[in-house]
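Q: Fold the following and give me the result.
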Amino acid sequence: MVRDLSFNADGDLIVPSERLGQLAQQAPEELRLLRLHEDLLIGSQSEPGQRAQPLLYGDLRFLHVAEIMALISSMRRDGLLSLLVPDARKTVSFIDGQVVFATSSVEDDRLGEVLWRHGLVTLEQLESAFGEVTPKKRLGAVLIERGLLTQRQLYDGIRHQVLDIVTSAFYFERGEFIFVQGAPVLRNRVRLDVDTREVIREGVRKVQELTRLDEQFPDRDAVPAIRPVVVDVKLEKVEQHLHALVDGERSVADLIEASHLGEYELLKALAKLRRLGLLDVHERSEPKRIEVGGVPEALRVYAAMLVLVQLALSRAGGGELLADYMAQPAEGLQSLFQQVGLDAEGGLDVEILYRNARAQGEAKAHDCALAALRSLLDYGVFQAMDLLEDQECNALLESLDSMRADMNSVAEEK
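A: Presented below is the predicted three-dimensional model:
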């Protein structure tokens, strides 16, 4: 709509005739221009209170979505509620105060994403079906033709979509709303299994849970990183999907966008993976520090060298290589790498590695731990030489040589 509007040289607003709708039937003197906060409304009635379809307008900073929906439900009104925020628009249709349909401009609210989140289709099935979707042939029709969905499953999917759109709208804290009373014209009306009051309660519950999740992940720029684990943990499909996306480069905000899970589902899955010990979350601006109290200086230097190698490998798309090596190290080093983790920046649990080495005997602990770190570093350098461009590879090797030289000079002075 906005793209179709234009202004002439005098600053007059020009609305194309095909966009006028019922306004085209009104005489100019019957129209009224009304300022709504920072917006302008062209009304079809020249006098206040004479609209055939009453209008409710306000700011979400003063009325929460739950309060607005509760008001509409208690009055048993028909109409369309539009929720407007800077990056999204959601509409909720009511008949007799009950939610019957909803639409959204948010990608995570699209039917395909909803069907996948609720286990009705796989990602592979969605990707194959998208190629046949056209303006005249919707995704649901394609999935039914392919035998991937039944009509009943599609209906259930649309109900899930409506509920997801509505409950996720409760997260809006800033924005504006407009409710226009009147019977909505719907082609996809659905009957929900729950009363609108239950929908409101569920939306409020999710907001409260999201608040608790926000306390666990207050910084959306923080970067989750996978921890190597030996124990096999069974994960749900959503958690498997998120686990595969965590690459040590994407921030929490990046994962919310890339996963198509929505903020609530993403944070819930992230919290579970963290609780299971499958990942760490580190500040992007402050790489994980290596706490190595009591660890020999040489081991600290090698750990610092691994940080450089891991960062270089991550930039080249090989961020998982060192972790893979630690999961299956060279013969004789398996016990040394037990429970040793490596974060996205290459920060190594060198204290645990040294403790594992000391378990084999104090006399050879230093040499065993050093051999393990050298093996890991040599493997990382070998992979870097294969992945990096010549200039970046040479710069990395020079930095590593410089660190070795500094370490050797310190050892000679002692």
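Q: SS state for Asn356?
A: helix (DSSP: H, G, I helix; E, B strand; the rest coil).
Q: quick one: it from Ala303, how far?
A: Separation of Asn356 from Ala303 (C-beta to C-beta, to the nearest Å): 14 Å. Placement of C-beta: from N, CA and C, glycine included.
Q: Endpoints of stretch 19-27, how far apart?
A: End-to-end span of stretch 19-27 (C-alpha to C-alpha, to the nearest Å): 16 Å.
Q: could we number from 407 for the rest of this?
A: Sure, I'll start counting at 407 from here, so that last one is stretch 425-433.
Q: Name the residues of that stretch that come out as buried.
A: By neighbour count on 16 or more other C-beta atoms under 10 Å, the buried set for stretch 425-433 is Gln432.
Q: And that stretch, how far out from the chain middle?
A: On the basis of C-alpha atoms, centre = their mean, to the nearest Å, stretch 425-433 sits 42 Å off its chain's mean C-alpha point.
Q: Ok, stretch 496-505 next?
A: Per C-alpha atoms, centre = their mean, the centroid offset for stretch 496-505 relative to its chain is 28 Å.
Q: Next: stretch 763-773.
A: Taking C-alpha atoms, centre = their mean, one finds stretch 763-773 lying 45 Å from the centre of the chain it belongs to.
Q: Restrict it to CA atoms and write it as CSV.
A: Taking Å, rounded to 0.1, in the frame of the first residue of the first chain, the C-alpha atoms of stretch 763-773 are listed here in CSV:
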residue,chain,number,x,y,z
ALA,A,763,48.6,-35.8,32.7
ARG,A,764,49.4,-35.7,36.4
ALA,A,765,47.2,-38.7,37.0
GLN,A,766,49.8,-40.7,35.0
GLY,A,767,52.5,-39.7,37.3
GLU,A,768,54.0,-36.4,38.5
ALA,A,769,57.4,-37.0,37.1
LYS,A,770,56.2,-37.2,33.5
ALA,A,771,53.1,-35.0,33.7
HIS,A,772,54.7,-32.0,32.1
ASP,A,773,56.1,-33.9,29.1
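Q: Can you tell me what sits against that stretch?
A: Pro702, Ala704, Leu705, Ser741, Leu742, Tyr760, Cys774, Ala775, Ala778 (C-beta atoms under 8 Å, 6 or more residues apart in numbering).
Q: one more time with 7 Å
A: Pro702, Leu742, Tyr760, Cys774, Ala775 (C-beta atoms under 7 Å, 6 or more residues apart in numbering).
Q: So for it, what gets flagged as buried?
A: For stretch 763-773, the buried set under the neighbour-count rule, 16+ other C-beta under 10 Å, comprises Ala763, Arg764, Ala771, His772.
Q: now the residue nearest in space to the middle of the chain: how far from Leu739?
A: Centre of the chain computed as the mean C-alpha position; nearest residue by C-alpha atoms, centre = their mean is Ile662, 0.7 Å away. Going from Ile662 to Leu739 by C-beta to C-beta gives 38 Å.
Q: mean confidence for stretch 687-701?
A: The pLDDT scores in stretch 687-701 average 53.
Q: Ends of that stretch, what's the gap?
A: Span of stretch 687-701 from end to end, C-alpha to C-alpha: 24 Å.
Q: hmm, back to that, pull the most distant pair out of the buried residues of stretch 763-773.
A: Arg764 and His772 (9.1 Å; C-beta to C-beta).
Q: Can you pull the poorly scored residue ranges out of the stretch 457-606 of the chain?
A: 457-460, 593-595 (pLDDT under 70).
Q: residue boundaries of the strands in it?
A: Along the stretch 457-606 of the chain, the segments classed as strands by DSSP state E, counting those that start in this stretch run 461-465, 485-491, 494-501, 504-510, 582-587.
Q: need those strands in JSON lines with distance to Glu645 and mean neighbour count, can you?
A: Shown next, in JSON lines, are the strands of the stretch 457-606 of the chain (distance: least, C-beta to C-beta, whole Å; neighbours: other C-beta atoms under 10 Å):
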{"stretch": "strand 461-465", "distance to Glu645": "38", "mean neighbour count": "14"}
{"stretch": "strand 485-491", "distance to Glu645": "29", "mean neighbour count": "20"}
{"stretch": "strand 494-501", "distance to Glu645": "26", "mean neighbour count": "20"}
{"stretch": "strand 504-510", "distance to Glu645": "24", "mean neighbour count": "21"}
{"stretch": "strand 582-587", "distance to Glu645": "35", "mean neighbour count": "19"}
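Q: Please tabulate those strands in TSV, including the columns distance to Gln614.
A: Output for those, formatted as TSV (distance: least, C-beta to C-beta, whole Å):
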stretch	distance to Gln614
strand 461-465	22
strand 485-491	20
strand 494-501	20
strand 504-510	20
strand 582-587	21
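Q: I'd like to know which of those strands lies nearest to Arg611.
A: Per C-beta to C-beta, nearest to Arg611 of the strands of the stretch 457-606 of the chain: strand 504-510, 16.4 Å.
Q: Each with direction, which strands does the closest one pair with?
A: Under the criterion DSSP bridges, strand 504-510 sits next to strand 494-501 (antiparallel) in its sheet.
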